[in-house]
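Q: Next come a sequence and a model predicted from it.
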Amino acid sequence: MSSELNDTAVYRVVLNGEEQYSIWRAGRALPAGWSAEGTEGTREECLARINDVWTDMRPLSLRHRMESQNSAA
């Protein structure tokens, strides 16, 4: 059986300054540049949350740069 099927760990959704999402095991210190988004649960619940909210995979800096270029045109 896959270890993912037996995963009972609690995860949290994390977000970095570029508005990119990931999951991290709850209780572990977050890496530099990442903060908790507020959602905690199973791996599947956290991945479902990310799927709902992360609709634009481009980093924030790229989105801003593209918006600036479009408004200058």
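A: All right, it came through fine.
Q: mind listing what the biggest strand by length in the chain pairs with, with the direction of each?
A: Determined from DSSP state E, the single longest strand within the chain is strand 34-41. Strand 34-41 has the following strand partners under DSSP bridges: strand 11-16 (antiparallel).
Q: what separates the partner strand from the chain centre, distance-wise?
A: How far strand 11-16 lies from its chain's middle: 5 Å, per CA atoms, centre = their mean, to the nearest Å.
Q: If you compare the directions of the next helix or strand after the longest strand of the chain and strand 34-41, what angle comes out?
A: With elements assigned by DSSP states H and E, the helix or strand that comes after strand 34-41 is helix 43-53. Computed with axes from the mean of the first three to the mean of the last three CA atoms, to 10 degrees, the direction of helix 43-53 lies at 120 degrees from that of strand 34-41.
Q: Show me what counts as buried in helix 43-53.
A: 46-47, 49-50 (16 or more other CB atoms under 10 Å). Bear in mind the C-beta positions are built from the backbone N, C-alpha and C, glycine included.
Q: center of this structure, which residue is that?
A: residue 21 (1.4 Å; CA atoms, centre = their mean).
Q: Which residues are in contact with it?
A: Residue 21 sits next to 13-15, 37, 50, 53-54 when contact means CB atoms under 8 Å, 6 or more residues apart in numbering.
Q: Swap in 7 Å and give it another go.
A: 13, 15, 50, 54 (CB atoms under 7 Å, 6 or more residues apart in numbering).
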